[in-house]
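Engineer: my questions are about this predicted structure, shown below with the sequence.
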Amino acid sequence: MARHVAVVGAGPAGLAAAAAALRAGARVTLVDSAERPGGQYHRMLPDAFAAERPERLHHDWRPFDRIRRHVLGDPHCDWWAESPVWSLERPGPGESRPPRVHVLRGPADGSGRERRVLDADALVLAPGAHDRVLPFPGWDLPGVFTAGAAQALAKGERVVVGDQVVVAGSGPFLLPVAASLLEAGSSVLEVLEANPAATVTRGWARRPWELASHGGKAAELAGYTARLARHRVPYRVGRAVIEARGEGRVEEAVTARLRADWSVVPGTERTVPVDALCVTHGFSPRLELPVAAGCELRDAGFVRVDDDQLTTSPRVYAAGEITGIGGAPAARTEGLLAGWCAAGGASGAPEIRRLHRRRDQARAFAARLAAAHPIGAAWPGWMRPETVVCRCEETSYGALCRAADDQAGGSGHAVKLGTRAGLGPCQARVCGPAVADLLARRGVTAAAPHHRPVAQPIRLGELARPPYEEESAP
Amino acid sequence: MARVVVLGAGIVGAACARELARSGHMVTVLDRGGPAAATTSHGEGNVLVSDKGPGPELELARLSRRLWPEIVAGLPDAGAVEWEPKGGIVVATTGAGAHELGRFAEAQRAAGIVAEPMDAAALAAAEPYVTRDVAAAVHYPEDAQVQPAGAACALLADALRAGAALRTGCEVLSGVVRGGRVTAVRSSSGTFGADVFVNAAGPWSGELARRLGAPIGVRPRRGEVLVTAPMPPTVFHKVYDAGYVGAVGSGAEELQASAVVESTRAGTILLGSSRRRVGFDDRIRPEVLSVIARKALRLFPCLEGVPVMRAYGGFRPYVPDHLPVIGPDPRLTGLWHATGHEGAGIGLSTGTAVLLRDLLHDRKPEVGAEPFRVDRPAVLGEGEDL
Amino acid sequence: MSARLVRREDDAAGRRPDVPIEITVDGVPVAGVAGQTVAGVLLTNGRRAWRRGPSGAPRGVFCGIGVCFDCLVTVNGDRDVRACLRRAADGDEVTTQSRAAEES
């Protein structure tokens, strides 16, 4: 019987994994919480829009469209849309199966969704990443969006978030977001990269031969830059939004020049009237599923994988941003390798050796990306004691520091329970990295920041009912 | 004046450290992790009298319940404790359960517990969202709740103010024994000498005692709690089904579950509870969560559509006869135990500390310590695999 | 100006004529277009914020992809629906929510 590979996530990595697993002869179940495949990178318009030229909103649409049709049309592929994974159940000691995948099927956050359980022979995790936004005064005002939100709304449902917009933060993602906003007809006042030119150039210009293999990515970025230039949108480096102000909604952004460590150069503050502010300081990999699967992380908080994308958890493979932020081309290559190996494909084939090479180049690219757009250590200087760090529970910077400095209360768990930072509905997905950073500076190790055994909310009524399989059993 | 090393900075260790430091002893608290990092921060924060039948544990619970508000009132950071004397309501949903509950409550009343039978109208007034399908309900106004990690840290802070020292990241590896007396413990960060060592390591106290050469029969018993998304106020007391007492009292390895429902100050609702003996296996099992959800919905059907945003699990220190272990170890002079409280350690911590202090000072304690002695079959192991 | 839907005539993606839908928000009829998320409908109707944090602070869309839970609404009686993930359906009854007792 063919091997059954479950792939979680239908973005660039997951789709590639499904395609490679099918090619290796496996049966595939591809699950994603969204209605359509593509992930965040190829976020598709809803069916109801019946768009005739969706390719106009996407870089690399054609290869994506090809692989999407190929995978979803394959009779050996089961495509589960609107199917978030809410739990991964690790096998007991001595069991050699991968974790059991517990899925909810139905409209987003619906109430009568069906519980399903997937028992596969191998699992590929490709859940992707989301924006990492550092807290700053006013970041909780309505009208402050993550850059990803602005892009998802523009690309995914043709909504522009505002007309006087500043895009700020760090990383190459600023460019496509600004380009999406311009395409949708909004006016982008400026794009601010917090890292100074020296840092960015040092990161990108060193060992240029490594970039050659990423010509696609470079060309894509060049395209965005050209669009910015056409619209005369200034791209400023070494400058950041350090505060958002307004009554009940964002009305102005305070920008300032930064030193290399992201400390503010006094006297360089400027106030810019805006009706929307889009911010990103990098990406946070979605780690709750790999952590639930028992996968080890490596130092910087990414999933550790071997040469074949196998994690430290038996029969669990990982691909895409959870192994390192490298963008869509890297994710696709990792996905192909992961899917092929998860399906038991032979690893000696020349095309697999080529994939390994391409993957290694992609990793070098990811390392370079991280070097060119690091987070400056002095960012907490933007905050005031009353600045909200945890948006859900409104824990302030001051309260967090006081809790961490309390000698008798200083364990990560005690700080979490005492301040409630990270205990709200988002379960530390947004504030987690900032809280961990701030606590580490005070000698406190944050309590299991990616430990979310309930990976997506499940309503009590849904949880109370047995999964579909059990119901059909005699 | 003795040199005391308390092993464990959970709620029981914190309470003992506080009591002993305030009595003038030189106290050092060691923990392999940090304060309140393990069992203490993985429970609901119960301070209960309602779930205990007449007997030594109830006496300890009554003492502890009396001490809690006195101690909280004297703490400079009392707010962190989140002391909520909200009261408990026990509900029976079957005729047989109602009969059992009635008898249980009557025996408790005879022992001095306030246990007020509620009619349907009183129950509906106290808990508007609880099921109407109730055969009997009893109100226990003395039941209370704390935020357990906050409470432990506040007790520990008070111990530090009284001169105690805290060493974290410090795992005990073995003991230094001379002439039948433990004189020091070797740890991952140095050797600590003392006259008295208090084993307050909760579910790990069995292993710790083994490392010191005096094994005791305290084992982990797994529990899980579901946490809902924050809600407008829906549950006003600690509400649990009468089956809870049976599940607590059972010694079975397989899953025991009964509904325990209560809200927190943040608006979340905590849904317990499960009891399984699976060693230190920390996997969270969806089918266990399902059972908890089913039981909770039987009590509060209106929670059907409420999302669960989190589940957490922990290990309770379990002793087969369900009584804590408090007192000196007869086999090893200098070693004392304050452990084995299973799911009741938060509530019983304050009384345990006072009891330990009195025993250490050779004073007659307020409640009988005999039932908690170390030298009993359930602890020193007859038949069970230690 | 606030958020708005790209006009169909200007839409480079060439979407077909919009199919109007109507939902209610706290009982008030609000117009939308089939395919929009609940968040999209709210934003394009001039709403920036519709939830209150624990302190009463206004909240709307932040992450837009289901991560931050800032945009929670009640849809047809189901609490805590992420407005940015839920496709709006004609006739949906959306109510805004908070943790406070009076709005329950």
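Structural biologist: Perfect, thanks for sending it.

Engineer: show me where pLDDT drops low in the stretch 251-400 of chain A?
Structural biologist: Counting by pLDDT under 70, the stretch 251-400 of chain A contains no low-confidence segment.

Engineer: residues of it that sit close to chain B?
Structural biologist: Contact residues (C-beta under 8 Å from any C-beta of the partner chain) of the stretch 251-400 of chain A with chain B: residue A:393. For glycine as for every other residue, the C-beta is placed from the backbone atoms N, C-alpha and C.

Engineer: what strands line up against the host helix or strand of residue C:30, and which way round?
Structural biologist: Assessed by DSSP states H and E, residue C:30 sits inside strand C:28-33. Counting by DSSP bridges, the strands paired with strand C:28-33 are strand C:20-25 (antiparallel).

Engineer: kindly export the partner strand (C-alpha atoms) in CSV.
Structural biologist: What follows is strand C:20-25 as a C-alpha-only set of coordinates in CSV (Å, rounded to 0.1, in the frame of the first residue of the first chain):
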residue,chain,number,x,y,z
PRO,C,20,-23.9,42.7,-2.7
ILE,C,21,-24.6,41.1,0.6
GLU,C,22,-26.0,42.6,3.8
ILE,C,23,-25.0,41.7,7.4
THR,C,24,-26.1,43.4,10.6
VAL,C,25,-23.6,44.8,13.1
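
Engineer: residues in contact with it?
Structural biologist: Contacts to strand C:20-25, defined as C-beta atoms under 8 Å, 6 or more residues apart in numbering or on different chains, come from residues C:29-34, C:36, C:38, C:41-42, C:45, C:47, C:50, C:88-96.

Engineer: name only those of these that count as buried.
Structural biologist: Listed as buried from the contacts of strand C:20-25 are C:30, C:32-34, C:36, C:38, C:41-42, C:45, C:47, C:50, C:88, C:92, C:94-96; burial here means 16 or more other C-beta atoms under 10 Å in any protein chain shown.

Engineer: among these, which lie within strands?
Structural biologist: C:30, C:32-33, C:50, C:94-95 (DSSP state E).

Engineer: which residues of the stretch 251-386 of chain B score low on pLDDT?
Structural biologist: B:382-386.

Engineer: tell me the secondary structure at residue A:135.
Structural biologist: coil (DSSP: H, G, I helix; E, B strand; the rest coil).

Engineer: show me what contacts it?
Structural biologist: Residue A:135 makes contacts with A:383, A:387-389, A:397, A:431, A:434, as judged by C-beta under 8 Å, 6+ apart.

Engineer: from the residues you listed, which land in helices?
Structural biologist: Judged by DSSP state H, the contacts of residue A:135 include A:397, A:434 as members of helices.

Engineer: could I get the contacts of residue A:135 as a markdown table with distance to chain C and neighbour count?
Structural biologist: A markdown table is the format used below for the contacts of residue A:135 (distance: C-beta to the nearest C-beta, whole Å; neighbours: other C-beta atoms under 10 Å in any protein chain shown):
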| residue | distance to chain C | neighbour count |
| --- | --- | --- |
| A:383 | 16 | 24 |
| A:387 | 13 | 19 |
| A:388 | 8 | 24 |
| A:389 | 13 | 27 |
| A:397 | 15 | 22 |
| A:431 | 9 | 27 |
| A:434 | 13 | 25 |
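
Engineer: which pLDDT value does the model give the residue in chain C positioned nearest to chain A?
Structural biologist: Closest to chain A within chain C is residue C:64: 2.7 Å, counting by C-beta to the nearest C-beta. Per-residue pLDDT puts residue C:64 at 97.

Engineer: run a quick neighbour tally on it.
Structural biologist: 34 (other C-beta atoms under 10 Å in any protein chain shown).

Engineer: same question for residue B:97.
Structural biologist: Neighbour count for residue B:97, taken as other C-beta under 10 Å: 19.

Engineer: need the three-state assignment for it.
Structural biologist: Three-state assignment for residue B:97 (three-state DSSP): helix.

Engineer: that one: what's it in contact with?
Structural biologist: Residue B:97 neighbours (C-beta under 8 Å, 6+ apart): B:135-136, B:241-243.

Engineer: now it: how far from residue B:257?
Structural biologist: Using C-beta to C-beta, to the nearest Å, we find residue B:97 at a distance of 15 Å from residue B:257.

Engineer: narrow the contacts of residue B:97 to those that are buried.
Structural biologist: B:135-136, B:241-243.

Engineer: among these, which lie within helices?
Structural biologist: Those of the buried ones among the contacts of residue B:97 lying in helices (DSSP H): residue B:243.

Engineer: buried stuff in the host helix or strand of residue A:436?
Structural biologist: In this assignment (DSSP H and E), residue A:436 forms part of helix A:432-440. Neighbour counts over helix A:432-440 (16+ other C-beta under 10 Å) mark A:432-436, A:438-439 as buried.

Engineer: residues touching that helix, excluding its own?
Structural biologist: Residues contacting helix A:432-440 (C-beta under 8 Å, 6+ apart): A:132, A:134-135, A:284, A:301, A:380, A:389-390, A:397, A:400-401, A:404, A:412, A:415, A:421-422, A:428, A:445-446, A:449-450.

Engineer: any idea how far residue A:437 is from residue A:178?
Structural biologist: Counting by C-beta to C-beta - residue A:437 and residue A:178 are separated by 27 Å.

Engineer: which residues does the residue nearest the centre of chain A contact?
Structural biologist: Centroid-nearest residue in chain A: residue A:129, 1.2 Å away (criterion: C-alpha atoms, centre = their mean). The contact partners of residue A:129, taken as C-beta under 8 Å, 6+ apart, are A:283-286, A:320-322, A:325.

Engineer: among these, which lie within strands?
Structural biologist: A:283-285.

Engineer: so what's the gap between the longest helix along chain A and the chain middle?
Structural biologist: For chain A, the helix that runs over the most residues, judged by DSSP H, is helix A:350-372. Relative to its chain's centre, helix A:350-372 lies at 19 Å (C-alpha atoms, centre = their mean, to the nearest Å).

Engineer: buried set for it?
Structural biologist: By 16+ other C-beta under 10 Å, the buried positions in helix A:350-372 come out as A:352, A:355-356, A:358-359, A:361-370, A:372.

Engineer: brilliant, that's me finished.
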